[in-house]
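# Sequence plus the predicted model coming up.
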Amino acid sequence: MKLSPYFYDLRSAYQAELDDLTQDSEGKDVLRKRLTQKRSEIAFLVQMMELAPEMVAVVFHQGFRFARPAALESLISRGVDNLPAWNTLADGAVLLEPWAAGLAKTVLAEPGGERFMAVAAGLEYLQVHSRLAPAAQHADAEEEGDDEDAAEHDDDYDNLSADDAADPHNARSRDEASDNWLSDVGFDRKD
């Protein structure tokens with residue numbers, strides 16, 4: 001899986017948004033309730049599509065079915081200015097759940113709605129395939145080959161899977177995964 005820098009950056013913001021919605025201050029799972037609330041506010045939220053697409057895209061969480069993964073792989077490898085038209089994706093590659101169709105009509109009526117729907121589908125595809133996403137490469141970094149950041153990125157992730165990090169007997173992998181994630185979001189590494 002090759003990610004464009006655009007989707008590489010947005011996927012962690014999207015995951016963080018979902019994480020924020022998942023639990024209340026007492027640790028109770030409130031994702032369904034909070035998503036229902038956000039979905040009822042779609043007419044307001046569309047104003048944020050350009051500035052914070054990850055905050056709006058969560059309303060479509062679990063609202064897509066992916067019939068042609070190759071089309072989505074192509075989508076997530078592209079930049080924001082080179083995304084396929086929504087109607088080409090909606091024509092068999094991405095299907096909306098019935099409850100999401102009304103939300104999509106509201107979004108598609110807005111300027112930039114077509115592009116946003118492609119972004120939302122790409123983010124949810126990455127969420128569904130989250131085991132692959134952390135190890136995914138920037139599409140441009142892989143092509144450049146000589147880039148030091150790409151080489152460092154390869155070293156950090158080649159031998160560390162999500163399963164390794166989740167294993168309670170593998171503290172080193174959890175620490176590495178934590179350090180890698182913090183580094184990805186802009187913090188300096190401890191070592």
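That came in fine, so what should we check first?

# which regions of this structure lie under the pLDDT threshold?
131-191 (pLDDT under 70).

# Can you give the domain ranges for it?
Segmentation of the chain into domains, based on automatic domain parsing, reads 2-133, 159-191.

# Looking at those domains, which one is packed in the most?
Neighbour counts (mean count of other C-beta atoms under 10 Å) averaged over each of the domains of the chain peak at domain 2-133, with a mean of 17. For the C-beta atoms, the positions are set from N, CA and C on the backbone; glycine is no exception.

# Going by contacts, tell me the helices and strands next to the longest helix belonging to the chain.
Longest helix in the chain, counting residues (DSSP state H): helix 5-22. If contacts are counted by 3 or more C-beta pairs under 8 Å, 6 or more residues apart in numbering; DSSP states H and E, helix 5-22 sits against helix 31-40, helix 53-57, helix 113-128.

# Could you list every helix and strand that the second one packs against?
Spelled out, it's helix 53-57. With contacts defined as 3+ C-beta pairs under 8 Å, 6+ apart, the packing partners of helix 53-57 are helix 5-22, helix 113-128.

# which residue ranges form the strands in the protein?
Ranges of strands within the chain are 2-3, 64-66, 94-96, 137-138, based on DSSP state E.

# OK, contacts around the residue lying closest to Ala104 once chain neighbours are set aside?
Spatial nearest neighbour of Ala104, excluding adjacent residues (C-beta to C-beta, 6 or more residues apart in numbering): Leu96 at 5.7 Å. Counting by C-beta atoms under 8 Å, 6 or more residues apart in numbering, Leu96 touches Gly63, Phe64, Arg65, Ala90, Ala104.

# Please apply the same query to Glu124.
Ala57, Phe60, His61, Gln62, Gly63, Phe64.

# how near is it to Asp20?
17 Å (C-beta to C-beta, to the nearest Å).

# quick one: which of the helices and strands packed on helix 5-22 is nearest Ala13?
helix 53-57 (4.2 Å; C-beta to C-beta).

# hey, C-alpha coordinates of the closest one in CSV?
The C-alpha atoms that make up helix 53-57 are tabulated as CSV, following Å, rounded to 0.1, in the frame of the first residue of the first chain:
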residue,chain,number,x,y,z
PRO,A,53,-11.8,17.0,6.6
GLU,A,54,-11.0,14.4,9.3
MET,A,55,-13.5,16.0,11.7
VAL,A,56,-16.2,15.8,9.1
ALA,A,57,-15.3,12.4,7.6
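
# related to what we said a few turns ago, kindly reformat the strands of the chain as TSV containing distance to Ser130.
As requested, these are arranged in TSV below (distance: least, C-beta to C-beta, whole Å):
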stretch	distance to Ser130
strand 2-3	13
strand 64-66	14
strand 94-96	18
strand 137-138	16
